[in-house]
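K.L.:
requesting a structural model of the entry that follows:
(2 chains)
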Amino acid sequence: MSLIAAENISVSYGANMVLRDVSLAVEPGEIVTIVGPNGSGKTTLLKLLIGAERPQSGLITRKSGLRIGYVPQKLHIDPTLPITVERFLRLPGGTTRAACATALERAGVPGLSHRQMSALSGGQFQRVLLARALINEPDLLLLDEATQGLDQPGSAAFYLQIEEVRQKTGCAILMISHELHVVMAASDRVICLNGHVCCEGAPEIVSAAPEYRALFGTGTGGALALYRHEHDHTHDETCTHNHAPQDKETEAAE
Amino acid sequence: MLDDFMTRAALAGVGVALAAAPLGSFVVWRRMAYFGDATAHAAILGVALSLALQISVFAGAVAVALAMALTVTLLTGRGYAMDTLLGVLAHSALAFGLVAVSFLSGIRIDLMAYLFGDILAVSRGDLAVIWGGAALVVGLIGWRWSALLTSTISTELAYASGIDPKREQLILTLSLAITVAVAIKVVGVLLIAAMLIIPAAAARPLSRTPEQMAFTAAGIGSASAVIGLHAAYALDTPAGPSIVCVAALVFLATSILQSVRS
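P.N.:
All right, here's what the predicted structure looks like:
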């Protein structure tokens, strides 16, 4: 049984249809990556999965007792709020000091427990967020562009850490990423999203798909396309399904 | 012991300070200072209504403060910026309240007592209301502490942990209304926000965890109440404002301490 499944979900903000008829499922232990241009509804999709938003139509089913760890895109802690790394990790409660230490170690930042959150570097902060997501031993880890603001070596190290986490804990991972070269190397499955699911499958299949190439270019497996891709796209003639109405709405949204 | 008016006043001040400390910390962290102000200003309308209807001032103030807080929460994000909305609602509520009070020709009320508090006139009954309200607020916030803190840091993290941030917001709103109502007698509607924000802000440089900040704020608030009261007695100054002055001086001291340290 899938850990989490979304069936035919649609979401619109006012007249803008952000997601149309999107279906996806995550199986135990797999790494799935969602790629797509800005405004393609990636973050909205993740918010639906954690329950922060509700779809206008469609169904989201979770395996009963599913534990989700969530690493948000960015987190701003008001400077007036004093909080140590350990206290942050122990929110909202029920977590032991030992579990905090283990989670920090898994996330690659042991020994930060007593530092103030406001005193952390960008890379440390993201890893502490990862540690917090890992702390209740999740079955499913959701990452929303977790390496935003990290430099190239920093984000490469971060993804290695994620891979290591999967190996050690066996949890499934669903992530949003802009870094296509990493995505292609590290994922079992890639979902290309642009308001609707353009294409999905194993990385090599997706990177060869015309829909994907239309979005991200035809470069070296997408690595160069990262710096090249445009915010909107036209599909080439080989495309088998109809994109026309969605494309209009995506343009309107941007 | 409660026969001495100074003792009753000090107990009233400490009671308000204890409720204001954890709530004030959240007001500071969530940048709700102006929200607190709006709720407090609305309470004067509640006072006028309860005098007209001859119900308890506490009940009237809670009801109107709560209505105000809920209105603001509902209207947020519907076209006007939060500060514009609060500015409109806070001052209109205050103005309507003051106008409503003027219609109460049959009753002589001391408006100043509601605007700036009348802590020296606190009765045993008032004390019971203040400590009852304070206990309720501290209990509510203590009960929801972790959930409140999580949703303050990030609504998405809260959802992912199975917490509904909207429900937690409602808890804070309710606590705010109760605190405003019990604090009217002590510092008056114009200075309630000061009792919420100043001790919490003064505690910030001295704290490493959210809990430390709330406890330190309680200490600073209580000390300010007692010292301010005695200062008012010795110098023959108004009591409520004197309490706020002491808290402000503590804030100044801890701010200087922080800049010296860094």
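K.L.:
can you map out the strands along chain B?
P.N.:
When assigned using DSSP state E, chain B turns out to have no strands.
K.L.:
what residues does it have near chain A?
P.N.:
B:28-31, B:146-147, B:149-150, B:152-163, B:201, B:204, B:207-213 (Cβ under 8 Å from any Cβ of the partner chain). C-beta coordinates here come from the backbone N, C-alpha and C atoms, glycine included.
K.L.:
filter the residues you listed down to just the buried residues.
P.N.:
Neighbour counting over the residues of chain B next to chain A (16 or more other Cβ atoms under 10 Å in any protein chain shown) leaves B:28-30, B:146-147, B:149-150, B:152-161, B:163, B:201, B:204, B:207, B:209-213 as the buried ones.
K.L.:
helices - which of the residues of chain B next to chain A land there?
P.N.:
Those of the residues of chain B next to chain A mapping onto helices are B:28-29, B:146-147, B:149-150, B:152-153, B:155-160, B:201, B:210-213, per DSSP state H.
K.L.:
low-confidence ranges in chain B?
P.N.:
Screening chain B residue by residue with the criterion pLDDT under 70, one finds the ranges B:1-3, B:77, B:79, B:105-109.
K.L.:
return the helix or strand in chain A with minimum mean pLDDT.
P.N.:
Sorting the helices and strands of chain A by mean pLDDT, DSSP states H and E puts helix A:244-253 at the bottom, at a mean of 40.
K.L.:
may I see the buried residues of stretch A:195-205?
P.N.:
Going by neighbour count (16+ other Cβ under 10 Å), the buried part of stretch A:195-205 is A:195-200, A:203.
K.L.:
mind checking the SS state of the closest residue to chain B within the stretch 151-254 of chain A?
P.N.:
With distances taken as Cβ to the nearest Cβ, the stretch 151-254 of chain A approaches chain B most closely at A:Leu174, which sits 12.6 Å away. For A:Leu174, the reduced secondary structure class is strand; criterion used: DSSP: H, G, I helix; E, B strand; the rest coil.
K.L.:
who's it bridged to?
P.N.:
Residues found in beta-bridge contact with A:Leu174 (criterion: DSSP bridges) are A:Val32, A:Leu142.
K.L.:
check what pLDDT A:His233 gets.
P.N.:
What the model reports as pLDDT for A:His233 is 48.
K.L.:
alongside chain B, which residues does the stretch 51-200 of chain A contribute?
P.N.:
By the rule Cβ under 8 Å from any Cβ, the part of the stretch 51-200 of chain A lying against chain B is A:51-52, A:68-70, A:72, A:75, A:77-78, A:80-84, A:87-88, A:91-93, A:116, A:132, A:142.
K.L.:
filter those residues down to the buried ones and express that as a PyMOL selection.
P.N.:
Here the buried members of those are turned into a PyMOL selection, burial being counted by 16+ other Cβ under 10 Å:
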select buried, chain A and resi 52+68+69+70+72+75+77+81+82+83+84+87+88+91+92+132+142
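K.L.:
in helices, which of the residues of the stretch 51-200 of chain A next to chain B fall?
P.N.:
Assigned to helices by DSSP H, the following of those qualify: A:87-88, A:132.
K.L.:
how about those residues in TSV, adding pLDDT?
P.N.:
What follows is these, written out as TSV (pLDDT from 0 to 100):
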residue	pLDDT
A:Arg87	89
A:Phe88	90
A:Arg132	88
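K.L.:
quick check, nearest of these to chain B?
P.N.:
For these, with chain B as the reference and Cβ to the nearest Cβ as the criterion, the closest is A:Arg87, at 5.0 Å.
K.L.:
the closest one: what's it in contact with?
P.N.:
When the contact criterion is Cβ atoms under 8 Å, 6 or more residues apart in numbering or on different chains, the partners of A:Arg87 are B:209-211.
K.L.:
if we go to 10 Å?
P.N.:
Residues counted as contacts of A:Arg87 (Cβ atoms under 10 Å, 6 or more residues apart in numbering or on different chains) are A:100, A:113-114, A:116-117, B:149, B:208-212.
K.L.:
of the residues you listed, closest to A:Asn38?
P.N.:
For A:Asn38, the closest of these turns out to be A:Met117, at 28.1 Å, with distances computed as Cβ to Cβ.
K.L.:
surely that closest one meets A:Pro82?
P.N.:
Yes - under the criterion of Cβ atoms under 10 Å, A:Met117 makes contact with A:Pro82 at 8.6 Å.
K.L.:
okay, now the unreliable bits of the stretch 101-250 of chain A?
P.N.:
Within the stretch 101-250 of chain A, the set of residues satisfying pLDDT under 70 comprises A:217-250.
K.L.:
now the helices: where do they sit in it?
P.N.:
When assigned using DSSP state H, counting those that start in this stretch, the helices of the stretch 101-250 of chain A occupy the ranges A:122-134, A:152-169, A:180-186, A:203-208, A:210-216, A:244-253.
K.L.:
ok, for B:Gly240, nearest residue in space, not its chain neighbours?
P.N.:
B:Gly117 (3.5 Å; Cβ to Cβ, 6 or more residues apart in numbering or on different chains).
K.L.:
quick one on the thing from earlier: including distance to B:Ala225, could the ones in helices among the residues of the stretch 51-200 of chain A next to chain B go into TSV?
P.N.:
TSV is the format used below for these (distance: Cβ to Cβ, whole Å):
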residue	distance to B:Ala225
A:Arg87	29
A:Phe88	32
A:Arg132	38
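K.L.:
looking at those, which is nearest A:Asn8?
P.N.:
The nearest member of those to A:Asn8, counting by Cβ to Cβ, is A:Arg132 at 32.2 Å.
K.L.:
the residue nearest to that closest one when sequence neighbours are not counted: neighbouring residues, count only.
P.N.:
With sequence-adjacent residues excluded and distances taken as Cβ to Cβ, 6+ apart, A:Arg132 is closest to A:Leu89, at 5.3 Å. Using other Cβ atoms under 10 Å in any protein chain shown, A:Leu89 has 24 neighbouring residues.
K.L.:
thinking A:Leu89 is in contact with A:Arg106, fair?
P.N.:
No - the criterion here is Cβ under 10 Å, and A:Leu89 misses it with A:Arg106 at 11.7 Å.
K.L.:
what sits in contact with each of the two?
P.N.:
Taking Cβ under 10 Å, 6+ apart as the criterion, A:Leu89 and A:Arg106 both touch A:131, A:134-135.
K.L.:
which of those lies closest to chain B?
P.N.:
Of all these, A:Ile135 has the smallest distance to chain B: 10.4 Å, by Cβ to the nearest Cβ.
K.L.:
list the contacts for the closest one?
P.N.:
By Cβ under 10 Å, 6+ apart, the contact set of A:Ile135 is A:69, A:89-91, A:94-96, A:99-100, A:102-104, A:106-107.
K.L.:
repeat that for 8 Å
P.N.:
A:Ile135 neighbours (Cβ under 8 Å, 6+ apart): A:69, A:89, A:95, A:99-100, A:103.
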